[in-house]
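Colleague: How does the following fold in three dimensions:
(4 chains)
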2 protein chains.
Amino acid sequence: MTVKRPDSPKRRVTSTDVAALANVSQSAVSRVFAHHPSVSDKMRRAVLEAARTLGYRPNAIARSLITQRSRIIGVAMAYLDNQFYPEVLQSLSRALQAYGYQILLFTADETGAADPMLEQVLSYQVDALLLASVSLSSHIAEECELAGIPVIMFNRTSSTPGAASVTGDNFAGGRQVAEFLVAGGHQRFAYIAGAAESSTNRDREAGFCAGLAALGMAQPMRVPGQYDWQSAQAGTRLLLGRPTRPDAIFAASDLMAIACLEVARTEFGLSVPHDLSIVGFDDVGVARWPSYQLTSFAQPVEAMVSAAVTLILERLESLAAPPRPIVIPGRLIVRQTTRHPAQGLVVEDGERVWRTPSETTEGP
Amino acid sequence: MTVKRPDSPKRRVTSTDVAALANVSQSAVSRVFAHHPSVSDKMRRAVLEAARTLGYRPNAIARSLITQRSRIIGVAMAYLDNQFYPEVLQSLSRALQAYGYQILLFTADETGAADPMLEQVLSYQVDALLLASVSLSSHIAEECELAGIPVIMFNRTSSTPGAASVTGDNFAGGRQVAEFLVAGGHQRFAYIAGAAESSTNRDREAGFCAGLAALGMAQPMRVPGQYDWQSAQAGTRLLLGRPTRPDAIFAASDLMAIACLEVARTEFGLSVPHDLSIVGFDDVGVARWPSYQLTSFAQPVEAMVSAAVTLILERLESLAAPPRPIVIPGRLIVRQTTRHPAQGLVVEDGERVWRTPSETTEGP
DNA sequence: CTGAAAGCGCTTACAG
DNA sequence: CTGAAAGCGCTTACAG
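Modeller: Residues are numbered from 1 along each chain as shown, chains lettered A, B, ... in the order given. From the prediction side, this is the model:
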């Protein structure tokens, strides 16, 4: 009644094979590779030698089945053309590998439909799911939590209060951008929105509007967007085609800010920042490229990733920790796409940074 | 003698639970979810309803253990700051998901050490490994093949003859760049190299040199590089600081070409392409950005990914197919960073493309 | 079409 | 410290 195997090219080496060669029990082999304390040196040596001879590696699949832990973290991500996400992915992968966890990558399909993905996530018994796509509905998160899989939102929040999430300080970022632009003497503000349903867009926009309002400025002109190049391009054309155009545009992401900058320069012949100031959000690598030198509110990838890893480990390796939202503070990095206020700029780590009056203790 | 489970928050629903509720055998549940043909409609309905009630999903880990197939493809990648790789990752993920395969992502650590990664790849019983990092040694490929795991090289070749690989046409690409630049009337050529040990760099450089030689031109000046921004920047400074500087630079990747372009413009005040022509390789998204408009040899990501998926499926789902190298042809996309020859440009899919004299049938 | 049972390769309580 | 054995949740040949 042996189960027939689909033509496996070669049988893999198992702990039983190693045990036979080393003349010990299969349990002993298992104990050696699990670094179980009660193993004699003699046995350890025998097992390791036999394992080396045969080229044995423990089968993580079998281990997962019995331990109920796959040491696999599902990561759902989209928008890989926004450089922020590859940066996160690389950093996250390194951080998790350091703790012995691997990443099973899920990307949304063209339609953005999350349900086929959900089935896979649940099937593969991932230990936790990191949801890093703004467009994926919270539904998937609820289903996973229901199935006992911890969900960590990344660069987004959940509608569920108290859910685990890591975000930059989107509201404060938006507000700082407003304060910075007002201090720089700008008069007519505009906002190029990210995806309407995303928490990042909602908070960045709310912060920007609140900041302007607090300083007695009119609310910004607003064009819709989707966190992509196309929509930012279209939005910029709309804004700059108006009879009285804005003199400061805040775009919901760096990618969108760069699209805006390109349109302003090449299609409208504007000089940035002389005719128009532009601010982005994320501070991705391209923001530093000489042709752009984009002023941007920095989301610190490393700190956000560390926080996410902390949340994951808390949920997996201890019972005590309740899920919670973590907000990572950021800084407004001031480069060449904005007219600058006379005061309030300080240098940190070789970058010029804006400090809002409330934050700085230096008087005039 | 029940194995104690580390405090699992909730027991997951198994096929046995579903069987009990539906009053059928566990095998029946398994057959329904495996789409086994011999299942009565009545039973199928009963099972599916019970499954829905309980929120059952088959456990892919358990399935993997018995079928000896994880339906997981390991993907080893680095250089995620080179936009080419995120594009590949996104496309590959979609393509594999369509066939029911998932991606387990491995990234090289800071030291570039591949061995810890190797252990993980082998442990997780991936069905195949796609090696997409130029810096990872072929050693890891050999170990995997030895363990019965098919390895597909992506955007690199293997020293092992006949190994499975997918690459752009690096040699032809380099040669076309040479022919194009010579046709454009350039005189002094330079090459900014990618990582010295990489097959992509070797072939691109060899093609470029061969193309120049065939047209009776002197060999290019050469500066070393690492496929990154820093080295391209440094290399460009070296090249442009010479008493007789090149009038055409071919960089081994778009990322390097853009770094080169930035240095030429901002540090040397050169006008591109008036004073200097620059050509990249890959045709990533940023190459199309208005500030760059980079002439670049395009590696078609979709076609390369399709070929990789084909190779993977051939190895996994049929015995017949021997591993083989696949070379995907590319096109030299002509934009604004090069002086153009009077003839030989055609328009395809809205892009200007260079056709070498040997390829085109149109007379003068 | 359906069920009972073996077995995938491990971990771990139990007994010595 | 060590071994025999149960069991993780499936798939599948076998028998009916």
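
Colleague: Closest residue of chain A to DNA strand D?
Modeller: residue A:38 (2.5 Å; C-beta to the nearest atom of the strand). The C-beta positions use only the backbone N, C-alpha and C, and glycine is treated the same way.

Colleague: What separation do you get for that residue and residue A:70?
Modeller: Separation of residue A:38 from residue A:70 (C-beta to C-beta, to the nearest Å) stands at 26 Å.

Colleague: The two: who's more crowded?
Modeller: residue A:70 (23 against 5; other C-beta atoms under 10 Å in any protein chain shown).

Colleague: returning to that earlier point: hang on, isn't the residue of chain A closest to DNA strand D packed against residue A:31?
Modeller: Yes - Residue A:38 is within contact range of residue A:31, at 7.4 Å (criterion: C-beta atoms under 8 Å).

Colleague: Next, give phi and psi for the residue lying closest to residue A:226 once chain neighbours are set aside.
Modeller: Spatial nearest neighbour of residue A:226, excluding adjacent residues (C-beta to C-beta, 6 or more residues apart in numbering or on different chains): residue A:195 at 5.4 Å. Backbone torsions for residue A:195, taken as degrees, to the nearest 10, come to phi -50, psi 130.

Colleague: Let me know the pLDDT of residue A:195.
Modeller: Listed pLDDT for residue A:195 reads 92.

Colleague: For it, grab the count of nearby residues.
Modeller: 20.

Colleague: how near is the closest residue to DNA strand C within the stretch 101-250 of chain A to residue B:167?
Modeller: Residue nearest to DNA strand C within the stretch 101-250 of chain A: residue A:125 (12.9 Å; C-beta to the nearest atom of the strand). According to C-beta to C-beta, residue A:125 and residue B:167 sit 36 Å apart.

Colleague: do residue A:239 as well
Modeller: For residue A:239 relative to residue B:167 (C-beta to C-beta), the value is 44 Å.

Colleague: Stretch A:269-279: end-to-end distance?
Modeller: 18 Å (C-alpha to C-alpha, to the nearest Å).

Colleague: Run through who's touching that stretch.
Modeller: The contact list for stretch A:269-279 (C-beta atoms under 8 Å, 6 or more residues apart in numbering or on different chains) reads A:177, A:180-181, A:184, A:186, A:240, A:245-251, A:257, A:260-261, A:264-265, A:294-297, A:332, A:336-339.

Colleague: 7 Å instead, please
Modeller: By C-beta atoms under 7 Å, 6 or more residues apart in numbering or on different chains, the residues outside stretch A:269-279 that reach it are A:177, A:181, A:184, A:186, A:247-251, A:257, A:260-261, A:264-265, A:295-296, A:336-339.

Colleague: same question, stretch A:51-62
Modeller: A:13, A:17-18, A:21, A:33, B:61, B:64-65, B:70, B:119, B:122-125, B:146-147.

Colleague: Of these, which is the most crowded?
Modeller: In terms of neighbours by other C-beta under 10 Å, those top out with residue A:18 at 28 neighbours.

Colleague: That one: what's it in contact with?
Modeller: A:29, A:47, A:50, A:51, A:54, A:56.

Colleague: which SSE is the first one in?
Modeller: Put plainly, it is residue A:29. Assigned by DSSP states H and E, residue A:29 falls within helix A:26-33.

Colleague: Could I get the buried residue list for the very next helix or strand once past that helix?
Modeller: Downstream of helix A:26-33, the first helix or strand assigned by DSSP H and E is helix A:41-54. Neighbour counts using 16 or more other C-beta atoms under 10 Å in any protein chain shown place A:43, A:44, A:46, A:47, A:48, A:50, A:51 of helix A:41-54 among the buried residues.

Colleague: any idea how far the last one is from DNA strand C?
Modeller: Using C-beta to the nearest atom of the strand, to the nearest Å, one gets 10 Å for the distance from residue A:51 to DNA strand C.

Colleague: again, but for the first one
Modeller: With distances defined as C-beta to the nearest atom of the strand, the gap from residue A:43 to DNA strand C amounts to 12 Å.

Colleague: How about the fifth one?
Modeller: From residue A:48 across to DNA strand C, the span is 14 Å (C-beta to the nearest atom of the strand).

Colleague: and the closest residue to that residue other than its chain neighbours, what is it in contact with?
Modeller: Once flanking residues are discounted, residue A:48 sits nearest to residue A:32: 6.6 Å by C-beta to C-beta, 6+ apart. By C-beta under 7 Å, 6+ apart, the residues touching residue A:32 are A:39, A:44, A:47, A:48.

Colleague: excluding its backbone neighbours, what's nearest the second one?
Modeller: Residue nearest to residue A:44 in three dimensions, not counting chain neighbours: residue A:32, with 5.3 Å by C-beta to C-beta, 6+ apart.

Colleague: Give me the mean pLDDT for stretch A:234-242.
Modeller: 97.

Colleague: Going by neighbour count, which residues in it are buried?
Modeller: In terms of neighbour count (16+ other C-beta under 10 Å), stretch A:234-242 has its buried residues at A:234, A:235, A:236, A:239, A:240.

Colleague: Distance of residue A:19 relative to residue B:125?
Modeller: 20 Å.

Colleague: Retrieve the pLDDT associated with whichever residue of the stretch 251-364 of chain A sits closest to DNA strand C.
Modeller: Nearest residue of the stretch 251-364 of chain A to DNA strand C, counting by C-beta to the nearest atom of the strand: residue A:317, 13.4 Å away. On pLDDT, residue A:317 comes in at 79.

Colleague: How many residues are close by it?
Modeller: 12.

Colleague: So which bits of the stretch 51-200 of chain A are right by DNA strand D?
Modeller: By C-beta under 7 Å from any atom of the strand, the residues of the stretch 51-200 of chain A that approach DNA strand D are A:62, A:65, A:66, A:68.

Colleague: pLDDT and secondary structure for these - can I get that in a markdown table?
Modeller: Listed next are those as a markdown table, based on pLDDT from 0 to 100; DSSP: H, G, I helix; E, B strand; the rest coil:
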| residue | pLDDT | secondary structure |
| --- | --- | --- |
| A:62 | 95 | helix |
| A:65 | 94 | helix |
| A:66 | 94 | helix |
| A:68 | 92 | coil |
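
Colleague: Out of those, which comes closest to residue B:325?
Modeller: residue A:62 (34.6 Å; C-beta to C-beta).

Colleague: and the residue nearest to residue A:276 when sequence neighbours are not counted, how many neighbours?
Modeller: The shortest distance from residue A:276 to any non-neighbouring residue, by C-beta to C-beta, 6+ apart, is to residue A:270 (5.1 Å). For residue A:270, the tally of surrounding residues (other C-beta under 10 Å) stands at 17.

Colleague: cool, the one 4 residues further on as well?
Modeller: By other C-beta under 10 Å, 9 other residues sit near residue A:274.

Colleague: How about residue A:197?
Modeller: Neighbours of residue A:197 under the rule other C-beta under 10 Å: 10.

Colleague: circling back to that earlier point, is there proximity between the helix holding residue A:29 and DNA strand C?
Modeller: Yes - for helix A:26-33 and DNA strand C, the contact criterion (C-beta under 7 Å from any atom of the strand) is met by A:26, A:27, A:30, A:31, A:33.

Colleague: Output those residues in JSON lines; the columns should cover distance to chain B.
Modeller: JSON lines is the format used below for these (distance: C-beta to the nearest C-beta, whole Å):
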{"residue": "A:26", "distance to chain B": "15"}
{"residue": "A:27", "distance to chain B": "13"}
{"residue": "A:30", "distance to chain B": "12"}
{"residue": "A:31", "distance to chain B": "15"}
{"residue": "A:33", "distance to chain B": "10"}
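
Colleague: Whichever of the residues you listed count as buried, I'd like them selected in ChimeraX; how would that read?
Modeller: The buried residues among the residues of helix A:26-33 next to DNA strand C can be selected in ChimeraX (16+ other C-beta under 10 Å) with this line:
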select /A:30,31,33
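
Colleague: closest to residue A:302 among the residues of helix A:26-33 next to DNA strand C?
Modeller: residue A:33 (32.6 Å).

Colleague: out of everything not next to it in sequence, what's closest to the closest one?
Modeller: residue A:58 (4.9 Å).

Colleague: Does that neighbour lie in a helix or a strand, and which?
Modeller: Going by DSSP H and E, residue A:58 is not in any helix or strand.
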